[in-house]
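Asks: Here is the input, now give the coordinates:
(one chain, ligands or ions: 2)
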Amino acid sequence: MAEIERESMEYDVVIVGGGPAGLSAAIRLKQLDADLDVVVLEKGSEVGAHILSGAVIDPAGLDALIPDWKEKGAPLSVPVREDNFYLLGEGGGIRLPNFVMPPLMSNHGNYIASLGNVCGWMAEQAEALGVEVFPGMSCSELVWGEDGEVKGVVAGEFGLDADGTPGDGYEPGMELHGKYVFLSEGVRGSLSKQVIEKYALDKDAEPQKYGLGMKEIWEIDPEKHREGTVTHTMGWPLNSNAGGGSFIYHAADNQVYLGFVVHLNYENPYLNPYMEFQRFKHHPMVADLLKGGKRIAYGARAISEGGWQSMPKAVAPGAALLGCAVGLVNVPRIKGSHNAVLSGKAAAEAAHAAIAAGRSGDELTDYNTELRAGPIGRDLRRVRNVKPIWSKRGLLASLGLGGFDMWTNQIGLSLLGTVKHGKSDAAATGKAAKFEPIDYPRPDGVLSFDRLTNVSFSMTNHEESQPAHLKLKDPTLPIAVNLPEFAEPATRYCPAGVYEVVEEEGKEPRFVINFQNCVHCKTCDIKDPSQNIVWTVPQGGDGPNYPGM
Ligand SMILES: Cc1cc2nc3c(=O)[nH]c(=O)nc-3n(C[C@H](O)[C@H](O)[C@H](O)COP(=O)(O)OP(=O)(O)OC[C@H]3O[C@@H](n4cnc5c(N)ncnc54)[C@H](O)[C@@H]3O)c2cc1C
Ligand code: SF4
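Replies: Residues are numbered from 1 along each chain as shown. Ligands and ions are numbered 1, 2, ... in the order given. Next up is the predicted model:
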């Protein structure tokens, strides 16, 4: 194909991704210097359309960025009133007393909110300061400078045909150049991955670890609704098959945010995270809460879990990684949005100082130092052993030993040093021959739903004439390797039912990718045991259209 010619535009800072990290960076840059040219590019049809989070939000980030966020109408209106932790068995559960929990686990002072709505509000704040915020713009390529530095991105390419050639009405998109490019794509960003690889930014880090988070929004019987109540559960139905657990947050307007996270380092390739979530809703405690209610939205997103020991270096020439592109989630607290905001603020401050000094295209080393030495590093360091202990020794050891380690870390001590994560989640997948298939109960259509029905509640849409944005490095591997060795787990780990193995009589099995259903969770890019699936951006505006996730 002939080289595509594109127009270019120059900015001081180009920001990829309109999540809490990217928007905070944009706001802080304009607070520091109203004359800076700043652009935010977001692949969702609007800001918030691709955001999926719990969320119980620690306002520490917003307090630092926009101290008068309450007066400015931030949609954080439901303070947490009650915190519950349960260890579930199949028919019941034990409530863990709050006093045994390390103080950092308390949600006092936090808010139950839709992070998607918070991002919508942040985008308004950014625009009011003069930031150009462009939703519906997928950043599909990096633009490299003469010395190999990141110089910009290509955004807004539309109208490719299925074979990748320009179709009718093709628009080549634009190159947006910046003195610095901020990659705030969230977990497993497609451009962030390329920068990490090119500059070996993770060479001194442990492998990044992930969970798959699935969430439904329910409208429940007002009699059962207790606004401000936060409940977390562990144990059943995952038991020893995988780490993970649930969250149940009573938000405003009789809504409940119901979520389930499965750690992606599970071994049994027959495990189906989506079906574990559906099964969980039949626990008597949950079924009773949901009875008489209705599910109004569904979605899924990976969550970074590697924490302190998995953070890559966050800067490369011309580029900085922000928020969950670095992996800034505090796993036991299941919170990353406060750190995403703080990282955006810190990156902006470093870029502002660099631009003021006449620099461009180099490494923002002050930002990298601040990530580890400042409040984000302190937040992550003290909980760094919880996840690896859980992975290696199971849930009960994690509650005991991990809890003890968090207590001692409160006073700056750890008897365990830093426990390593070991393998990547893809490498943790075991061979099918070692495991039995799991027989999941059929969804009843009342509390539990099949995947495709639920995906319709994510309002996902992709233009069908474009090339599949899920690329196989080697198209033969799913059938030649993954099927015989791992029973092709893509058919089970994808929470949107994108992957199928079609077996017809007298024909070779076929691997089918229904990319139109993809909710952009990134699990396939993470968990494929052959590391053969590459998630790339579809054209802008495609994907889920989450209503206040
Ligand atoms: C199930 C679940 C529950 C969670 N619960 C909580 C909680 O209760 N409290 C909490 O604080 N945190 C929680 N988190 C973590 C929190 O959501 C993240 O830490 C936070 O969203 C990270 O912010 P971010 O800006 O780095 O990335 P994101 O919020 O993921 O935003 C990234 C944005 O970039 C866009 N984007 C990505 N790639 C491109 C591209 N190439 N071109 C254009 N746009 C692009 C995406 O569409 C998205 O809008 C949870 C996460 C999950 C998955
Ligand atoms: S195809 Fe991949 S990114 Fe898309 S929903 Fe399935 S697992 Fe997630």
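
Asks: okay, CA-based contacts and neighbour counts for the rest of this
Replies: Will do.

Asks: Please, where are all the strands along the stretch 301-450 of the chain?
Replies: Using DSSP state E, counting those that start in this stretch, the strands found in the stretch 301-450 of the chain span residues 315-316, 319-321.

Asks: residues from the stretch 251-400 of the chain in reach of ligand 2?
Replies: The stretch 251-400 of the chain has no residues near ligand 2, with proximity defined as CA under 6 Å from any ligand atom.

Asks: Likewise for the chain?
Replies: Counting by CA under 6 Å from any ligand atom, the residues of the chain near ligand 2 are Cys494, Pro495, Ala496, Val498, Cys518, Val519, His520, Cys521, Lys522, Thr523, Cys524.

Asks: Render the CA-only coordinates of the helix or strand containing Val195 in CSV, please.
Replies: Assigned by DSSP states H and E, Val195 belongs to helix 190-198. In CSV, the C-alpha atoms belonging to helix 190-198 read as follows (Å, rounded to 0.1, in the frame of the first residue of the first chain):
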residue,chain,number,x,y,z
SER,A,190,-1.9,-0.7,22.8
LEU,A,191,0.5,2.2,22.2
SER,A,192,1.9,2.0,25.7
LYS,A,193,2.8,-1.6,25.1
GLN,A,194,4.9,-0.6,22.1
VAL,A,195,6.8,2.1,24.0
ILE,A,196,7.4,-0.3,26.9
GLU,A,197,8.8,-2.9,24.5
LYS,A,198,10.9,-0.5,22.3
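
Asks: Report the distance from that helix to the chain centre.
Replies: 16 Å (CA atoms, centre = their mean, to the nearest Å).

Asks: what's that helix in contact with?
Replies: Outside helix 190-198, the residues within contact range by CA atoms under 8 Å, 6 or more residues apart in numbering are 140-142, 183, 185, 201-202, 312, 316, 321, 325, 535-537.

Asks: count of neighbours near Asp68?
Replies: Asp68 has 12 neighbours, counted by other CA atoms under 10 Å.

Asks: how far away is it from ligand 2?
Replies: Relative to ligand 2, Asp68 is positioned 37 Å away (CA to the nearest ligand atom, to the nearest Å).

Asks: same deal with Lys43?
Replies: Distance, Lys43 to ligand 2, by CA to the nearest ligand atom: 14 Å.

Asks: Specify the local secondary structure of the residue of the stretch 401-549 of the chain found nearest ligand 1.
Replies: The stretch 401-549 of the chain approaches ligand 1 most closely through Val537 (6.0 Å), counting by CA to the nearest ligand atom. Secondary structure, DSSP: H, G, I helix; E, B strand; the rest coil: Val537 is coil.

Asks: my guess is it meets Ser140, correct?
Replies: Yes: assessed by CA atoms under 8 Å, Val537 is found in contact with Ser140 at 6.0 Å.

Asks: give me the element Leu41 is part of.
Replies: Counting by DSSP H and E, Leu41 is part of strand 38-42.

Asks: Can you give the distance of that strand from its chain's centre?
Replies: Strand 38-42 sits 19 Å away from the centroid of its parent chain (CA atoms, centre = their mean).

Asks: which is the next helix or strand following that strand?
Replies: Using DSSP H and E, the next helix or strand after strand 38-42 towards the C-terminus is strand 56-57.

Asks: Give me the sheet partners of that next one and which way each runs.
Replies: Note on strand 56-57: by DSSP bridges, its sheet partners are strand 111-112 (antiparallel).

Asks: The partner strand near ligand 1 at all?
Replies: No: using CA under 6 Å from any ligand atom, strand 111-112 stays clear of ligand 1, coming no nearer than 7.8 Å.

Asks: what does that strand rub up against?
Replies: Taking CA under 8 Å, 6+ apart as the rule, strand 111-112 contacts 55-59, 76-80, 228, 249-251.

Asks: what about 7 Å?
Replies: Applying CA atoms under 7 Å, 6 or more residues apart in numbering, the external contacts of strand 111-112 come out as Ala55, Val56, Ile57, Asp58, Leu76, Val78, Pro79, Val80, Gly228, Tyr249, Ala251.

Asks: repeat for stretch 306-319
Replies: 149-151, 179-182, 199, 201-202, 205-210, 320-321, 326-330, 360-365, 368, 380-381, 384.

Asks: so Met122 makes contact with Leu23?
Replies: Yes: with contacts defined as CA atoms under 7 Å, Met122 counts as touching Leu23 at a distance of 6.4 Å.

Asks: Can you pick out the residue with more neighbours from the two?
Replies: Leu23 (34 against 27).

Asks: Specify the residue positioned farthest from the middle of this protein.
Replies: Distance from the C-alpha centroid of the chain peaks at Gly506, with 41.5 Å (CA atoms, centre = their mean).

Asks: If you count neighbours, what's buried in the host helix or strand of Trp121?
Replies: Secondary structure assignment for Trp121, by DSSP H and E: helix 115-128. Within helix 115-128, the residues scored as buried using 16 or more other CA atoms under 10 Å are 115-127.

Asks: One more: stretch 248-263?
Replies: Buried-residue list, stretch 248-263, by 16+ other CA under 10 Å: 248-252, 254-263.

Asks: Cool, thanks, talk later.
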